[in-house]
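Novice: Based on what follows, work out the 3D shape:
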Amino acid sequence: MGHPLGESGAFGTAKAKAVNLLALGHTRLELLGNELEGARISAMRQLVLLHGLLFCVALGVVFAVAALVLLWWEQRLLVVALSSAVLWALALYFYWAMSRNTGQSEPLFAASLAELREDLRQLKAASDHGHHGHHGQATD
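Specialist: Next up is the predicted model:
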């Protein structure tokens, strides 16, 4: 008699399911936040490393072309033209490779979405099981 009317029955069950669902949603949101933070940190690290790499490569190319020009001073126009052609060919190759790889990465929240789909499947299975059991009891 200490419980309000219906709290121990259907209302109590619904309340427990709601609390469990809320806890599940909270856990999944935390997982999503962790994934997002990890992806952000990784992207920033990659970006910093990429800038360092590009700076060093660009400076190395300038010095290499300058060294070749000094080495073959009489053919300096040919050295600069060939260097320019090679650099343009490499730039086109990297552009092609980058544009080819852009759509091939896994979606950012693939793991979280897979977990949410599994949770939804389990909830539907439990709900269907509960409905079938409830209907079976009502007909007895």
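
Novice: what does stretch 77-86 rub up against?
Specialist: With Cβ atoms under 8 Å, 6 or more residues apart in numbering as the test, stretch 77-86 has contacts from 61, 64, 65, 68, 69, 72. All C-beta spots, glycine's among them, are computed from the backbone N, C-alpha and C.

Novice: Grab the CA positions of it and hand them over as PDB.
Specialist: Extracted C-alpha coordinates of stretch 77-86, given in PDB (Å, rounded to 0.1, in the frame of the first residue of the first chain):
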ATOM      1  CA  LEU A  77      66.900  27.400 -68.800                       C
ATOM      2  CA  LEU A  78      66.600  23.700 -69.600                       C
ATOM      3  CA  VAL A  79      67.100  22.800 -65.900                       C
ATOM      4  CA  VAL A  80      64.400  25.200 -64.800                       C
ATOM      5  CA  ALA A  81      61.900  24.100 -67.500                       C
ATOM      6  CA  LEU A  82      62.400  20.400 -66.800                       C
ATOM      7  CA  SER A  83      62.100  21.000 -63.000                       C
ATOM      8  CA  SER A  84      58.900  22.900 -63.600                       C
ATOM      9  CA  ALA A  85      57.500  20.200 -65.800                       C
ATOM     10  CA  VAL A  86      58.300  17.500 -63.300                       C
END
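
Novice: mean confidence for it?
Specialist: In this model, stretch 77-86 has an average pLDDT of 95.

Novice: In that stretch, which residues are buried?
Specialist: 79, 83 (16 or more other Cβ atoms under 10 Å).

Novice: Where does the residue of the chain most remote from its centre sit: helix, strand or coil?
Specialist: Centroid-distance maximum for the chain: residue 74 at 53.5 Å, with Cα atoms, centre = their mean. Recorded secondary structure, residue 74: helix (DSSP: H, G, I helix; E, B strand; the rest coil).

Novice: same check, this time on residue 11
Specialist: Recorded secondary structure, residue 11: helix (three-state DSSP).

Novice: that older thread, ok, the residue farthest from the centre of the chain - contacts?
Specialist: Taking Cβ under 8 Å, 6+ apart as the definition, residue 74 has no contacts.
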